[in-house]
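K.L.:
my questions are about this predicted structure, shown below with the sequence.
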Amino acid sequence: MLWCRRVARLIPLLPLFVLGTSCSGFFVSNNSIVSVTVSPAAVLLKAGNTPADTYTLSSTAVTAGGTSESDTSTAKWTSSATTVVTAASGGVLTAAGTTGNQTATITATDSGQSGTCSILTYTGSAPTTLTLQYPNTIVPGSLALGSQFQVSAFATFNNVSTNISNYVTWTLTSNTTGSTISSTGVVTVPSSATAGTFTVNAQAAFGSVAPQASVNSTLTFTVI
């Protein structure tokens, strides 16, 4: 009868045990990774070079607790087109093809979250400058609230001007307006923006065989 008394004492605790078990999935550890960002967002690699062009990406994970930490060495790196570029542990990229104007997406994955980097290959000499263009309907010194427009980045490969807007890293600096820019260069001035200025920055990153690590170009706009 002693064991019956012990079981009887435990019966009132069963609902608490069941509740704790069923709710465990609702709680997220502060150490859980909620996003992964790869830097830079785009790289240009020279195809057909000997030795092969290379580049080392970095990856940053953000936890549920708001902490940022490098996960470059622990993330899983993959390439969408291994005939164009391969991706190895530690974010090491190696150009694999011989043809320019080929593309690939590099993905870093950690704990179910992922970030990407866009790759474009080229042949010949790496460009030394970037040219930024915007629609002729836009007046840089007088942007209206609610404006949205494309800023395009052009580089010259083998004497041909090429739109590489999807293969540069876009950022806004000195931004006092609340405006934003997308990963492909689309600027948005929200209707709630404040008067002020911002600078559009485009950066093209190159692999190890280029004479320079990157080239940059900027444009400044004013919201009235």
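P.N.:
Perfect, I can see it now. Numbering: from 1, shown residues only.
K.L.:
and the residue nearest the centre of this structure?
P.N.:
Note on the chain: the residue nearest the mean C-alpha position is residue 41, at 4.2 Å, using CA atoms, centre = their mean.
K.L.:
roughly how far apart are the closest residue to that one other than its chain neighbours and residue 113?
P.N.:
The shortest distance from residue 41 to any non-neighbouring residue, by CB to CB, 6 or more residues apart in numbering, is to residue 169 (4.4 Å). Glycine gets a C-beta too; all of them are placed from N, C-alpha and C. Per CB to CB, to the nearest Å, residue 169 is found 20 Å from residue 113.
K.L.:
rewinding a little: wait, the residue nearest to the centre of the chain touches residue 184, no?
P.N.:
No - here residue 41 does not reach residue 184: they are 9.9 Å apart, not a contact under CB atoms under 8 Å.
K.L.:
shared neighbours, the two?
P.N.:
residue 170 (CB atoms under 8 Å, 6 or more residues apart in numbering).
K.L.:
partner residues bridging residue 162?
P.N.:
Judged by DSSP bridges, the bridge partners of residue 162 are residue 155.
K.L.:
need the contact partners of the helix or strand harbouring residue 114.
P.N.:
Residue 114 belongs to strand 113-122 when assigned by DSSP states H and E. Outside of strand 113-122, the residues within contact range by CB under 8 Å, 6+ apart are 33-47, 57, 59, 61, 79, 84-85, 93, 95, 97, 99-108, 157, 164, 166-167.
K.L.:
strands - which of these land there?
P.N.:
Of these, the ones assigned to strands by DSSP state E are 33-39, 42-46, 59, 61, 79, 85, 93, 95, 103-108, 157.
K.L.:
show me where pLDDT drops low in this structure?
P.N.:
Scanning the chain for pLDDT under 70 picks out 1-28.
K.L.:
how does it divide into domains?
P.N.:
Taking automatic domain parsing as the reference, the chain has its domains at 33-122, 131-223.
K.L.:
what's the end-to-end length of the shortest one?
P.N.:
With CA to CA, to the nearest Å as the measure, the ends of domain 33-122 fall 35 Å from one another.
K.L.:
more neighbours: which of residue 169 and residue 113?
P.N.:
Neighbour totals were compared for residue 169 and residue 113, and residue 169 leads with 20 against 17 (other CB atoms under 10 Å).
K.L.:
wait, residue 59 sits on residue 69?
P.N.:
No - counting by CB under 8 Å, no contact exists between residue 59 and residue 69, whose distance comes to 10.0 Å.
K.L.:
between these two, which has more neighbouring residues?
P.N.:
Between residue 59 and residue 69, residue 59 has the larger neighbour count (other CB under 10 Å), namely 26 against 12.
K.L.:
give the closest residue to that one in space, chain neighbours not counted.
P.N.:
Spatially, and ignoring its direct neighbours in sequence, residue 59 is nearest to residue 108 (4.2 Å; CB to CB, 6+ apart).
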